[in-house]
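**Student:** compute the structure for the input listed below.
(one chain, ligands or ions: 1)
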Amino acid sequence: MISLLQIAPTLAEYFNIMLASPARPVEAILRFARHSNPAIVTLLVLDSLDFRFYSDFAAELRTIHELVEQEGLLFECETVSSHTTPAIGSILTGLEPEAHGIFTDNDVGKSEIKSILEILEDTGKKTAMVIETKGVKPLVGRITYVCGVDDREDIIRYDELIKTHTIAVLNKKDIKMVFAHIRAIDRFAHRGKDLSVAAKLTDGNIREIANTVRERNGLLLICGDHETHVKAVKRTRTVPLIVCCP
Ligand SMILES: [Zn+2]
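**Tutor:** The predicted structure follows:
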């Protein structure tokens, strides 16, 4: 089994940039990426999408399953944290939370450790981040396109805005990597709401983003950040990682 820590070193190896991580690149992903030679790489983190959720809601997550069936790759990844901020920090740096030190929104931007997007920017490659407004400030000036969406009670509207911004930055000509964070599944889980509704909404947003990735000849990576926060059902502490060219 691979780990979420391996995503950043794999992308660093693909882009031929230096990223200090104890985790190794995933050869199968590297081969896939090199073979498809994408114009742009998109990494989507679906908050709370764990491996069990991915299987249990296969019908609602039809688009994502089809991306795997249509010559995509699927991995089961070990998680590094059960919380969003440290998990995303690990996905973007290839380091354990203790090593990157990003545990809360207040730690974002204070860490000396650079994310893969910042390292790409240092080598002259343009990147974009589409995330909640709170995390945006420290990234301005370090990342070419930083799109913030204000947190709100209406998480459906929130994800819709994340999708719209993601599609907008995907259409920027000179961009090499886009990162976006989609949150409906996590919010629905915390509020005890119908998870099949969240799965369907998420899948619809992914479909539109995947269509744009296709038009741009892009590579698309989709992963969860941690196990789904629901009681009752035993979780595996693993999340799916999908790698595809839609
Ligand atoms: Zn999360």
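**Student:** count the neighbours of the nearest residue to D151 once chain neighbours are set aside for me.
**Tutor:** With sequence-adjacent residues excluded and distances taken as CB to CB, 6 or more residues apart in numbering, D151 is closest to E132, at 5.4 Å. To be clear about C-beta, it is placed using only N, CA and C from the backbone, and glycine gets the same treatment. E132 is flanked by 17 other residues according to other CB atoms under 10 Å.
**Student:** my guess is E132 meets A180, correct?
**Tutor:** No. E132 lies out of contact with A180 (CB atoms under 8 Å); the separation is 10.9 Å.
**Student:** what pLDDT, on average, does the longest helix anywhere in the chain get?
**Tutor:** Identified as the longest helix of the chain according to DSSP state H is helix 195-215. The average pLDDT within helix 195-215 is 98.
**Student:** for the helix or strand just after that helix, which strands pair with it and how are they oriented?
**Tutor:** With elements assigned by DSSP states H and E, the helix or strand that comes after helix 195-215 is strand 218-224. According to DSSP bridges, strand 218-224 forms sheet pairs with strand 40-46 (parallel), strand 238-244 (antiparallel).
**Student:** which other residues reach the first one?
**Tutor:** Strand 40-46 is contacted from outside by 7, 11, 14-15, 33, 88, 91, 166, 170, 175-182, 185, 202, 206, 209, 213, 216-225, using CB atoms under 8 Å, 6 or more residues apart in numbering.
**Student:** and the angle for it with helix 195-215?
**Tutor:** 180 degrees (axes from the mean of the first three to the mean of the last three CA atoms, to 10 degrees).
**Student:** follow-up on the earlier one: against V243, how distant is the residue nearest to D151?
**Tutor:** Distance of E132 to V243, computed by CB to CB, to the nearest Å: 25 Å.
**Student:** can you pull out the helices in this structure?
**Tutor:** Going by DSSP H, the chain shows helices at 7-15, 27-36, 51-56, 62-69, 84-93, 97-100, 116-122, 155-170, 184-191, 195-215.
**Student:** so what does the longest one touch, helix or strand wise?
**Tutor:** For helix 195-215, the elements it packs on are strand 40-46, helix 62-69, helix 155-170, strand 175-182, helix 184-191, strand 218-224, judged by 3 or more CB pairs under 8 Å, 6 or more residues apart in numbering; DSSP states H and E.
**Student:** could those be laid out in a markdown table, adding distance to the ion, mean neighbour count and mean pLDDT?
**Tutor:** Output for the helices and strands packed on helix 195-215, formatted as a markdown table (distance: least, CB to the ion, whole Å; neighbours: other CB atoms under 10 Å; pLDDT from 0 to 100):
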| stretch | distance to the ion | mean neighbour count | mean pLDDT |
| --- | --- | --- | --- |
| strand 40-46 | 8 | 25 | 98 |
| helix 62-69 | 17 | 18 | 98 |
| helix 155-170 | 13 | 19 | 98 |
| strand 175-182 | 8 | 24 | 98 |
| helix 184-191 | 5 | 20 | 97 |
| strand 218-224 | 8 | 24 | 98 |
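**Student:** ok, which of the ones you listed comes nearest S3?
**Tutor:** S3 lies closest to strand 218-224 among the helices and strands packed on helix 195-215, at 11.0 Å (CB to CB).
**Student:** spell out which parts of the protein neighbour the ion.
**Tutor:** Neighbours of the ion within the chain, by CB under 5 Å from the ion: D47, T84, D186, D225.
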